[in-house]
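# okay, structure incoming, though there's no sequence with it:
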Ligand SMILES: [Fe+2]
C-alpha cells in the first residue's frame, strides 16, 4: 500500500489548491514567527505559557482561559486527584510490578522489544502494563470523566453533515505507564506528533481537515473543529494509535519538573499548518515530506522546522494528581535526560470521546482486557495475564464498564 503513494503527485495536488503556495507558506511562517516570539518573551519574563486551571474551577466560565487553550493547544489541569490517593496508587503500582516479577518477565521477553534490552540499567522506563489497579482507578475515576468531558466540549463536535462524537460520553484507551529513574538518559523522544505522519498529507479526510490551510485560508482554519477527524485512516503500524483523541495526556504520579526527563511541547495549536505547507516548498526533495515516514511518528526536525523548534518548552513542575493535556496536532518531545533526584512517573490517559471509530477499537480492546492481555494498539507482550492484583470485570464500576465498551452507554 505504501509503495503506491506518489508523494510528488500529492504535493502537486496540494499546491494546486493554493493561488500561490509559496506566498501561502510565507504568511503562515509569519504567523508562527509571532507565536514563537510570544512564547520566547513569556519565557524570558518567567510568565506561564501553558494555560492552567485547577480541577475545582473547570466549570466556572472563563472565556479568556478557553481562548488561550485553543491558541496554545494544551492545558494543565491541577489537582484532579488528591495527593494521598496518588501516592498510594504509585506505591501499589510499584508493588504490582515487584510482586509479579515484571523485570524478570520483561528480560525474558526482551527479544520482543529490542528497545528495552538495550537499557543499561536493565529497567524499562515505559512499562507494558495496562490493567493495574492504579491505572484503572485513574482512568475510570469520576473526576477523570469530568475532565475529559470538559476537554471534549472545547471542540466543535457537530456540523451540518453529522455529529462527530458525543462529548459527554467517553471511551477509554488503555495505555502504559512511565516510571523514569533519576539519571536515566535512554528515553528522550525527539519532537513529533502522533495520530499520523504521511497521512496528514495523503489521507483524503486529513486533506479535508486541513483544506483551509492549503487553500490560502489559514486564518479560518480551526484546529478544534472535529469534522472528519474520526474518519482518517492510519497506515497499519504498531506506532500508530487507532483512536481519535481530542487530547493526549497524562496524570502525574510523582512530582516532576523541567530537567526531570519530562514532557516538552511546542504550544502552538496551529503549528501543523507550518509543517504541512513547509513540505510543499521547492527546497524539499519532491518525493519527501521533510523527513516524515509512513508508519512512524510525524517528524519535526532542525533541517526543515527550526523556526517551530524555537518554541519548544518544557512543561512546568507537576505535582502528584496534576494532569497535562495536548491537542493531537501539538508537537511534543521528551527531555533526553532525567537529571532530577526522584522517579518521574506518569499514567498515560488521553480523552477518547464516544464515536464509531473509538467504539470499534474499544470493543477489540475489551476482549484483551477480559483476558488480561495487551491492548490491540500495543506489542502483544501480554505480561499481565496471570498477574496477581490485575483488575478483573467484577472489580469495575458501572462507569468503567461503559468506558470499556462492556456495558451500553444508554
Ligand atoms: Fe507522542
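Good, I have the coordinates. The shown structure was predicted, so the numbers you read here are calculated from the model rather than taken from an experiment.
# show me what the helix or strand containing residue 40 is packed up against.
With secondary structure defined by DSSP states H and E, residue 40 is part of helix 21-44. The elements that helix 21-44 packs onto, with contact taken as 3 or more Cβ pairs under 8 Å, 6 or more residues apart in numbering; DSSP states H and E, are helix 271-278, helix 306-309. Bear in mind the C-beta positions are built from the backbone N, C-alpha and C, glycine included.
# what comes into contact with stretch 236-244?
Outside stretch 236-244, the residues that touch it by Cβ atoms under 8 Å, 6 or more residues apart in numbering are 165, 171, 173, 194-196, 226, 229-230, 232, 234, 294-297, 328, 352-353, 355, 357-358, 361, 376-379.
# show me those residues that map onto strands.
171, 352-353 (DSSP state E).
# okay if I get those as a markdown table plus pLDDT?
Output for the ones in strands among the contacts of stretch 236-244, formatted as a markdown table (pLDDT from 0 to 100):
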| residue | pLDDT |
| --- | --- |
| 171 | 98 |
| 352 | 98 |
| 353 | 98 |
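# buried subset of the contacts of stretch 236-244, written for PyMOL?
Buried residues within these, by 16 or more other Cβ atoms under 10 Å, are selected in PyMOL with:
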select buried, resi 165+171+173+194+195+196+226+229+230+232+234+294+295+297+328+352+353+355+357+358+361+377+378
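# for residue 265, which residues count as its bridge partners?
In this entry, residue 265 is beta-bridged to residue 313, residue 332, by DSSP bridges.
# residue 276 touches residue 212, doesn't it?
No. Using Cβ atoms under 8 Å, residue 276 is not in contact with residue 212, being 11.1 Å away.
# can you name the next helix or strand after the lowest-mean-pLDDT helix or strand in the chain?
Sorted by mean pLDDT, DSSP states H and E, the helices and strands of the chain end with helix 114-117, the least confident at a mean of 46. Using DSSP H and E, the helix or strand that follows helix 114-117 in sequence is strand 126-127.
# other residues contacting that following strand?
Strand 126-127 is contacted from outside by 97, 102, 176-179, 187, using Cβ under 8 Å, 6+ apart.
# residue 284: which of the helices and strands packed on helix 21-44 is closest?
Comparing the helices and strands packed on helix 21-44 by their distance to residue 284 (Cβ to Cβ), the top pick is helix 271-278, with 7.3 Å.
# just the pLDDT at residue 184, thanks.
For residue 184, the pLDDT comes out at 87.
# residue 191 versus that one, what's the distance?
Distance check for residue 184 against residue 191: by Cβ to Cβ, to the nearest Å, it reads 19 Å.
# still on that earlier bit, quick one: mean pLDDT for the helix holding residue 40?
Taken as a whole, helix 21-44 has a mean pLDDT of 98.
# pull out the buried residues from it.
Neighbour-count burial for helix 21-44, counted by 16+ other Cβ under 10 Å, picks out 21, 24-25, 28-29, 31-32, 35-36, 38-39.
# what about the strand or helix carrying residue 212, distance to the chain center?
Residue 212 belongs to helix 211-214 when elements are defined using DSSP H and E. From the chain centre to the centre of helix 211-214 is a distance of 23 Å (Cα atoms, centre = their mean, to the nearest Å).
# could you do stretch 150-169 as well?
Taking mean C-alpha positions (Cα atoms, centre = their mean), stretch 150-169 and its chain are 19 Å apart.
# got it, and stretch 320-329?
With Cα atoms, centre = their mean, you get 8 Å for stretch 320-329.
# what's the end-to-end length of it?
Terminal residues of stretch 320-329 lie 26 Å apart, using Cα to Cα, to the nearest Å.
# now do the contacts for the residue lying closest to residue 187 once chain neighbours are set aside.
Once flanking residues are discounted, residue 187 sits nearest to residue 125: 4.3 Å by Cβ to Cβ, 6 or more residues apart in numbering. Taking Cβ under 8 Å, 6+ apart, we find residue 125 in contact with 119, 178-181, 184, 186-187.
# show me the shaky parts of the stretch 1-150 of the chain.
1-3, 110-123 (pLDDT under 70).
# now do the helices in it.
7-16, 21-44, 63-72, 83-99, 102-108, 114-117, 133-139, 142-152 (DSSP state H, counting those that start in this stretch).
# and the gap between the closest residue to residue 353 other than its chain neighbours and residue 225?
Residue nearest to residue 353 in three dimensions, not counting chain neighbours: residue 165, with 4.0 Å by Cβ to Cβ, 6+ apart. Here the criterion is Cβ to Cβ. By it, residue 165 lies 12 Å from residue 225.
# between the two, what contacts are shared?
Common neighbours of residue 165 and residue 225, using Cβ under 8 Å, 6+ apart, are residue 155.
# mind checking the end-to-end distance for stretch 221-236?
So stretch 221-236: terminal residues 28 Å apart, Cα to Cα.
# circling back to that earlier point, so what does the helix holding residue 212 touch, helix or strand wise?
helix 271-278.
# quick one, the helix it packs on and helix 21-44 angle?
Helix 271-278 and helix 21-44 meet at an angle of 140 degrees, taking axes from the mean of the first three to the mean of the last three Cα atoms, to 10 degrees as the criterion.
# which strands and helices sit next to helix 271-278?
Secondary structure elements in contact with helix 271-278, counted by 3+ Cβ pairs under 8 Å, 6+ apart, are helix 21-44, helix 199-202, helix 211-214, helix 306-309.
# now do that helix against helix 7-16, angle only.
Going by the same axes, to 10 degrees, helix 271-278 makes 110 degrees with helix 7-16.
# in JSON lines: the contacts of residue 125, plus neighbour count.
Output for the contacts of residue 125, formatted as JSON lines (neighbours: other Cβ atoms under 10 Å):
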{"residue": "119", "neighbour count": "16"}
{"residue": "178", "neighbour count": "22"}
{"residue": "179", "neighbour count": "23"}
{"residue": "180", "neighbour count": "26"}
{"residue": "181", "neighbour count": "18"}
{"residue": "184", "neighbour count": "22"}
{"residue": "186", "neighbour count": "19"}
{"residue": "187", "neighbour count": "20"}
